[in-house]
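have a look at this prediction, sequence included:
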There are 2 protein chains.
Amino acid sequence: MEGDPTLRLRIFNLNCWAIRYLSQRRQERIRLIGDMLRQEGFDLVLLQEVWSEQDYSNLKAKLGGCYPFSYYFRSGVIGSGLCVFSRFPILDTLLYQYSLNGYPYMLQHGDWFCGKSVGLVGRCWDGGRDHFASHSCQLHAEYCREKDAYLPHRLVQAWELAQFIRHTSKAADVVLLGGDLNMHPEDVGIRLLRGWTGLRDAFAEATRFEGCEDGCTLIPNNCFTVKSELLPFPLGIRIDYILYKAISSFTVKCEEMKTTTGTAPGTDIPFSDHEAVMATLHIRRQGQATGANFGTAEPVLVDVVTEARTEVGIGLGAARRQRYSTGRMAVLALLLLLLQAAAALGTLVGLTAGQPFPKLSFSLLAFLAIGVLLLATGLHLFHTIEVKMLQGTEEQMRMALRALQEHP
Amino acid sequence: MEGDPTLRLRIFNLNCWAIRYLSQRRQERIRLIGDMLRQEGFDLVLLQEVWSEQDYSNLKAKLGGCYPFSYYFRSGVIGSGLCVFSRFPILDTLLYQYSLNGYPYMLQHGDWFCGKSVGLVGRCWDGGRDHFASHSCQLHAEYCREKDAYLPHRLVQAWELAQFIRHTSKAADVVLLGGDLNMHPEDVGIRLLRGWTGLRDAFAEATRFEGCEDGCTLIPNNCFTVKSELLPFPLGIRIDYILYKAISSFTVKCEEMKTTTGTAPGTDIPFSDHEAVMATLHIRRQGQATGANFGTAEPVLVDVVTEARTEVGIGLGAARRQRYSTGRMAVLALLLLLLQAAAALGTLVGLTAGQPFPKLSFSLLAFLAIGVLLLATGLHLFHTIEVKMLQGTEEQMRMALRALQEHP
């Protein structure tokens, strides 16, 4: 950028849906994604749901030539699924794992087992003088829009994501966020994230757009999507985003935004069950430093934070009730065990005449009680953490509201 | 600082050892700490091991007058134990929980159950124009210096702490870190943290010092310390620190450093089993911006990161072995269960003559196998996460080394 004051940056973002043993035609799709990325030569590629490290290694081997820098974020049992390929050097990375991410007993949803996180990659261009902070992330999935039990957790994640971006990108020239946010554009979580960070939506800002109608990234036209889930949305839904902002003496404009539209060119399958989003940004250095610009207009932001705080409060109530009921169950199981121990002791010292129960049923009941005790204690501890984290987020939002109202 | 270019900042840091039901004379000591803090009127108070939220609330009620701003960081089952009291407004907070923190089955050490974290408090003085980034933290305890099984975990924490500080304090004018780091001054973790962040040790830099010899914060003279653990160190050990640095157009000098010396004035007990550390810093604005200064001399830093990486690698080997042995145990338990199921099925369909085992022993064995299966699977998952996080840290350290060697 020394000679030419404008940098044209092409960004690619895709939720790859590459779950080992579960995702259909996974290896074939990873190959297709690799071929396309090599051919297109983007500047920055942000991928989610690359759960298998082998898939990452294969991509890395294939893309080494055109994307010499890459990073795979490890976390949780299965991993974070996040990886980044870049044409510019990666200086530094940092992973932030959300404090809440669903429930371990919701095995059919499985979010809890993934270490859902936001990965930060500090990158430089122009010989290290200027810096991007690129964030790649995925938030908790939405399984039922009408009765979304995970909304408080997703809001905690959106808040933590926003806080993480605010705190880690203060000295960056350009901040980028790409990811599967699992939220519709008008959802409170997106409004909170955008409002609290000042990030702009590439789809809404783009001069030119090409792709699925309304920029949707989960469409009925894709053979891997679950059609029944998209019934209320005939066009599909938009849940994958590229967001950006410039800090200090730079301006960013989104020149072009694209999405894939189902089937990949020249094949009979799409790259993933999500559509990829691609943005071309124009980054220009300005003479005058403008200073960090966080957040949107304060009155709107106050409303958004208040709305989010109310939802977190509702989640807190539910978490408290579950903490109480699991605690009560643990106490009941413990009482049953003590009762059994007393009965067994009574028989041993000959206080009661004969054997009150057959031995087998007696020990089966004892094992059942131990099982319930362990399970209920584990869940009680889990919900105790959940209550703490929801409380912490509510408290932080309260502080933010006070700050907004006191220093508008 | 508009009129006077120098700010005198008095900081207090203490590991309060306030564990409900376990710490001796807890409430009395919390009262003493509160009284002393109110009397002394520091500018910033960083406390660790305040595990009970009730203790925090009591302190807050007592200190509201002289420390109008405060924050309690919630995390984990028990909490992070971290809280901050401040004379200057707290603008913003962020909690980062370390990805590794000991083992759940080491109940006697208990670190795993605390959500050990670093808490960031963004604060302002001078009407919001200048900013501190104050970090409060506690790392995994050291239980046996000769054979320290937790060293790799503590190094992962030191690395994550250093990375967190680097990424979150780029736009701050002054960066402060106070905490119980559970490391001796010459330990690799401290050298890594200081080298990678450029933070300076208030004790080493102080113009005047008053307190325990060598600045020790765990001393035999304190009636709550375990004397046998301090046998190899007749003077005690120094594991609590105040570290600082200035970024941009500021300079910081440590004018005075103090520690408490056992028994609190006017009483027969100390404030805690740790000694408090108190630093008086002189912060002065300079005309010229000096830019961010990370790290120390590169050749030394390369050695330190290499040393830390080797230790993490040793931990990785141990974690891989434990992952393997717990996995093998889970498979054996599963095989035993299958064998029992086959035997039971055989008896049911009349293939084998009579009952091979008495019913009671048979079901006890089955329950035992189920118990071992569940436990071994849980541990296997835990060690899988441990391997991933150690691998991730090793990879990040490798990247850091490459960057240090390529762009010295």
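Great, that's in hand.

could you use CA atoms for every contact and neighbour count after this?
Will do.

what mean pLDDT would you report for the host helix or strand of A:P152?
Element membership of A:P152, judged by DSSP states H and E, is helix A:151-168. When pLDDT is averaged along helix A:151-168, the result is 91.

before we move on, what about stretch A:255-268?
91.

rewinding a little: direction included, what does the helix or strand following the helix holding A:P152 pair against?
Sequence order places strand A:174-180 as the next helix or strand after helix A:151-168, per DSSP H and E. Applying DSSP bridges, strand A:174-180 is found paired with strand A:130-138 (parallel), strand A:240-246 (antiparallel).

so the nearest residue to A:R194 once chain neighbours are set aside versus chain B, what's the distance?
Here the nearest residue to A:R194 in space, its sequence neighbours aside, is A:R200; by Cα to Cα, 6 or more residues apart in numbering or on different chains that works out to 6.7 Å. Plainly put, A:R200 is 22 Å away from chain B if you go by Cα to the nearest Cα, to the nearest Å.

tell me the secondary structure for A:L193?
Classification of A:L193 into helix, strand or coil gives helix, according to DSSP: H, G, I helix; E, B strand; the rest coil.

grab the nearest non-local neighbour of it.
If the residues on either side of it in the chain are set aside, A:L193 comes closest to A:A162, at 5.3 Å by Cα to Cα, 6+ apart.

isn't that neighbour up against A:R191?
No - in this structure, A:A162 sits apart from A:R191 without contact. The criterion is Cα atoms under 8 Å, and the distance is 10.7 Å.

which residue packs closest to A:H167, ignoring adjacent ones?
Distances taken as Cα to Cα, 6+ apart place B:T168 nearest to A:H167, at 5.1 Å, with adjacent residues excluded.

burial count for the one you found?
Burial measure for B:T168: 23 neighbouring residues, criterion other Cα atoms under 10 Å in any protein chain shown.

about what we covered before: quick one: the residue nearest to A:R194 and A:Y241 touch, right?
No - A:R200 is not in contact with A:Y241 according to Cα under 8 Å; the separation is 10.1 Å.

looking at those two, which is more packed in?
When A:R200 and A:Y241 are compared on other Cα under 10 Å, the one with more neighbours turns out to be A:Y241, at 27 against 20.

what's the spacing between the more buried one and B:L14?
Going from A:Y241 to B:L14 by Cα to Cα, to the nearest Å gives 44 Å.

just A:Q108 next, same as before
Relative to B:L14, and taking Cα to Cα, A:Q108 is found at 45 Å.

so for these two, which residue has more residues nearby?
In terms of neighbours (other Cα under 10 Å), B:L14 is the more surrounded of A:Q108 and B:L14; the figures are 28 against 7.

other residues contacting the strand or helix carrying that one?
The secondary structure element spanning B:L14 is strand B:6-18 (assigned by DSSP H and E). Outside of strand B:6-18, the residues that reach it under the criterion Cα atoms under 8 Å, 6 or more residues apart in numbering or on different chains are B:1, B:23, B:26, B:30, B:42-52, B:178-180, B:240-242, B:271-285.

A:S57: neighbouring residues, count only.
There are 12 residues near A:S57, going by other Cα under 10 Å.

if I've got this straight, it is in a helix?
Yes - note on A:S57: a helix contains this position according to three-state DSSP.

does any part of the helix ranked longest in chain A sit near chain B?
The helix of greatest length in chain A, counted in residues with DSSP state H as the criterion, is given as helix A:298-348. No - in terms of Cα under 8 Å from any Cα of the partner chain, no part of helix A:298-348 sits within range of chain B; the closest distance is 12.0 Å.
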